[in-house]
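In: need the 3D shape of this:
(one chain, ligands or ions: 1)
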Amino acid sequence: MRTNIYTTILSNKAKNKKMFALLIDPEKHTEISLRNICKLAQENRPDFIFIGGSQIIGSIDNALKIIKQETDLPIILFPSHFSQLSSSVECLLYLSLTSGRNPKFLIEQQISSAKYIRQHNIEAISTSYILIDGGKSSAVEQVSNTTPYNPKSDKELIVDTAIASELIGFQLIYLEAGSGAKHPVSKEIIEQVTQNTKTPIIVGGGITNIDGFQNALSGGADIVVIGNHLELFPEQLSDFTNFINLYNKKNEK
Ligand code: 1GP
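Out: Numbering: from 1, shown residues only. Predicted coordinates for the structure are as follows:
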């Protein structure tokens, strides 16, 4: 194992240190804008760079090379499809779409990629990926052909899915409102999940301001992911990193 990012996540959670992941979708960048966001990341130091996107066709190796030239931050592949796997990746979220009932995204893709992950010694962090309707049809929904959970009528189901994920042994639970969601996952849902589980929780989708960021953190998210908003306004990265640093100073054990 070249890296052990999961150990870092667990030790941060034990200290109540919240984490922030900048999501980079290489398809949405030119080389110049990719270098720019990575330089900002290197200066402002979110905890992780997630790399992923639903429209990626072909190899992510070039984007990875650029990211690694500009920053030494840990990079985690957040694949929408396991064909995006690359031997240049050191860690990935090994996602199962547990809100959906499509075997392809529950276990089949994982089986197809298992040997490759083993052979290339990639750290795979098993992640229960729970898609919650964010008010806009998401790419995940379309690609996986599954229905997201309803944030109002499926609250119990969301919590039960999170508990089941923990019982099964998933290492992370990702509460996802979908890329560019109109409504991020509510604080109430995050609270209900975190009150019923001990597994580290990732929250993402549709977070565009400090209020949304704070809601996710105070609801109990361990890692908050922002993609779209920082693609549009990369200069705001420091607002989020400054905020989480202060938040952690006040709350860290
Ligand atoms: C999407 O959770 C991530 O899969 C982040 O979403 O791009 O809306 O921030 P945004």
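In: hang on, P26 packs against D61?
Out: No. The pair P26 / D61 is not scored as a contact, 10.0 Å apart, by CB atoms under 8 Å. Heads up, the C-betas are built off the backbone N, CA and C, glycines and all.
In: quick one: which of the two has more around it?
Out: P26 (22 against 13; other CB atoms under 10 Å).
In: check the more buried one and give its pLDDT.
Out: pLDDT for P26: 94.
In: and the helix or strand bottoming out on mean pLDDT in the chain, what's buried?
Out: Sorted by mean pLDDT, DSSP states H and E, the helices and strands of the chain end with helix 139-144, the least confident at a mean of 92. Neighbour-count burial for helix 139-144, counted by 16 or more other CB atoms under 10 Å, picks out 140-141, 143-144.
In: and the contacts of the helix or strand where E166 lies?
Out: Per DSSP states H and E: E166 is located in helix 155-168. For helix 155-168, the external contacting residues (CB atoms under 8 Å, 6 or more residues apart in numbering) are 98-99, 128, 130, 132, 149, 151, 173, 175, 188-189, 192-193, 196-199.
In: mind checking which of those residues are in helices?
Out: 188-189, 192-193, 196 (DSSP state H).
In: before we move on, the earlier item: what is the most widely separated pair among the buried residues of helix 139-144?
Out: E141 and V143 (7.6 Å; CB to CB).
In: quick check, central residue of this structure?
Out: The residue lying closest to the centre of the chain (CA atoms, centre = their mean) is V225, at 5.4 Å.
In: show me what from the chain comes close to the ligand.
Out: 23, 176, 179-181, 204-207, 225-229 (CB under 6 Å from any ligand atom).
In: as JSON lines, these with secondary structure and pLDDT would be great.
Out: JSON lines is the format used below for the residues of the chain next to the ligand (DSSP: H, G, I helix; E, B strand; the rest coil; pLDDT from 0 to 100):
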{"residue": "L23", "secondary structure": "strand", "pLDDT": "98"}
{"residue": "E176", "secondary structure": "strand", "pLDDT": "98"}
{"residue": "S179", "secondary structure": "coil", "pLDDT": "96"}
{"residue": "G180", "secondary structure": "coil", "pLDDT": "96"}
{"residue": "A181", "secondary structure": "coil", "pLDDT": "98"}
{"residue": "G204", "secondary structure": "strand", "pLDDT": "98"}
{"residue": "G205", "secondary structure": "coil", "pLDDT": "98"}
{"residue": "G206", "secondary structure": "coil", "pLDDT": "98"}
{"residue": "I207", "secondary structure": "coil", "pLDDT": "98"}
{"residue": "V225", "secondary structure": "strand", "pLDDT": "98"}
{"residue": "I226", "secondary structure": "strand", "pLDDT": "98"}
{"residue": "G227", "secondary structure": "coil", "pLDDT": "98"}
{"residue": "N228", "secondary structure": "helix", "pLDDT": "97"}
{"residue": "H229", "secondary structure": "helix", "pLDDT": "98"}
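In: widest-spaced pair of those residues?
Out: E176 and H229, at 15.4 Å, using CB to CB across the residues of the chain next to the ligand.
In: more neighbours: which of those two?
Out: E176 (25 against 19).
In: just to revisit the earlier point, for the residue nearest to the centre of the chain, give me its contacts.
Out: Each residue near V225 by CB under 8 Å, 6+ apart is listed here: 21-23, 50, 202-205, 207.
In: closest one to the ligand out of those, please.
Out: Nearest to the ligand among the contacts of V225: G204, at 2.4 Å, using CB to the nearest ligand atom.
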